[in-house]
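Peer 1: Next come a sequence and a model predicted from it.
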Amino acid sequence: MSQYVKDVNMADFQQSVLQQSRTVPVLVDFWAPWCGPCRMLSPTLERLAAEYNGRFILAKINSDNNPQLSAQYQVRGIPAVKAFINGRVVDEFVGAQPEPVVRQFLQRVLAQAPAVAGSKPQAQKAAPKDPTARLRQAEEYLRQGNGCGAQQLLNQFPDSPEQAKAKKLQPLAIFLCDGNQGRLSGTEAQVANALQRRDYSAALYQLLTSTNQENNARARSVIYSIFALLGDNDPLVQAYRQQMTV
């Protein structure tokens, strides 16, 4: 079991869920040993907890052993997953959802994470007045997967030599912000998740496939935006630029 997955009961719920959710989102999985759908969902949740490397904590609660918690949070069917931020439920789902749906759920939850006390105030830093510093901060946000923060910096970018690159980065910022807000699904959600992990190879492969098979204009613009972020000397950029059709 990952270090980001823990068994929780009535005795430590206050500390392990309510208090901890003030520093990092906590996903509570209400389950039971006899529940087949629970056994289907559990591996997905645990794998994502390890993959996201501490961006959220997975708390597993045996609903049979903790009926008071189940009643308190109105658990009427299991598996039931409830996301806590700052001590309250901000989102939830019921049933063994497929992994793409769970990933989209996570994106919605994590988009609210900057509001958690003690978290990194990525999107709330004051925008630097110097264009070079402003562009550098936007690039940092994009590498972190914080598309909405980057978009705020790139919008109405001041006239300067850096303005051209800022314009190139905007499609990626808008795409990631849509992912942060849970507005993507299917392949686009998978691409956004790869970008969150900085797996640019997987993201570019999926985007290129979408561009070639569906003539997807948005995918093409995001590809060139990734090129701008990584730089012309990056081996991935050199490899994928050759595969782009006119």
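Peer 2: Looks like it came in fine.

Peer 1: and this structure, what are its domains?
Peer 2: Listed by automatic domain parsing, the domain ranges of the chain are 5-115, 122-241.

Peer 1: With mean neighbour count and mean pLDDT added, can I get those domains in CSV?
Peer 2: Where you see a C-beta, it was placed from the backbone N, CA and C, and this is true even at glycine. Listed next are the domains of the chain as CSV, based on neighbours: other CB atoms under 10 Å; pLDDT from 0 to 100:
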stretch, mean neighbour count, mean pLDDT
domain 5-115, 17, 91
domain 122-241, 18, 87
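
Peer 1: List the residues that contact the one residue sitting closest to the centre of the chain.
Peer 2: Centrality entry for the chain: nearest residue to the mean C-alpha point is residue 107, 3.9 Å, by CA atoms, centre = their mean. Neighbour list for residue 107: 179, 180, 181, 182, 184, 189, 192, 193 [criterion: CB atoms under 8 Å, 6 or more residues apart in numbering].

Peer 1: Then residue 232?
Peer 2: residue 238.

Peer 1: one step back: would you mind measuring from the residue nearest to the centre of the chain to residue 216?
Peer 2: As judged by CB to CB, to the nearest Å, residue 107 and residue 216 stand 20 Å apart.

Peer 1: what does residue 84 give?
Peer 2: Applying CB to CB to residue 84 and residue 216 gives a distance of 37 Å.

Peer 1: Please enumerate the helices of this protein.
Peer 2: In the chain, the helices defined using DSSP state H lie at 13, 36-51, 67-72, 99-110, 131-144, 147-154, 163-180, 186-196, 200-214, 217-230, 235-241.

Peer 1: Just list what the longest one packs against, helices and strands only.
Peer 2: Using 3 or more CB pairs under 8 Å, 6 or more residues apart in numbering; DSSP states H and E as the contact test, the elements touching helix 163-180 are helix 99-110, helix 131-144, helix 147-154, helix 186-196, helix 217-230.

Peer 1: Now tabulate the ones you listed in JSON lines and tack on distance to residue 15.
Peer 2: Shown next, in JSON lines, are the helices and strands packed on helix 163-180 (distance: least, CB to CB, whole Å):
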{"stretch": "helix 99-110", "distance to residue 15": "20"}
{"stretch": "helix 131-144", "distance to residue 15": "29"}
{"stretch": "helix 147-154", "distance to residue 15": "31"}
{"stretch": "helix 186-196", "distance to residue 15": "29"}
{"stretch": "helix 217-230", "distance to residue 15": "40"}
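
Peer 1: Ok, which of those helices comes nearest residue 5?
Peer 2: Of all the helices and strands packed on helix 163-180, helix 99-110 sits nearest to residue 5, with 14.3 Å by CB to CB.

Peer 1: how far is that closest one from where the chain is centred?
Peer 2: Mean C-alpha position of helix 99-110 versus that of the full chain (CA atoms, centre = their mean, to the nearest Å) differs by 7 Å.

Peer 1: just the CA coordinates of that helix, formatted as CSV?
Peer 2: Output of helix 99-110 as CSV, limited to C-alpha atoms (Å, rounded to 0.1, in the frame of the first residue of the first chain):
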residue,chain,number,x,y,z
GLU,A,99,-10.5,5.3,-14.5
PRO,A,100,-11.1,8.2,-16.9
VAL,A,101,-14.1,9.3,-14.9
VAL,A,102,-12.1,9.1,-11.7
ARG,A,103,-9.2,11.1,-13.2
GLN,A,104,-11.7,13.8,-14.3
PHE,A,105,-13.1,13.8,-10.7
LEU,A,106,-9.6,14.2,-9.4
GLN,A,107,-8.9,17.1,-11.7
ARG,A,108,-12.0,18.9,-10.4
VAL,A,109,-10.9,18.3,-6.8
LEU,A,110,-7.3,19.3,-7.3
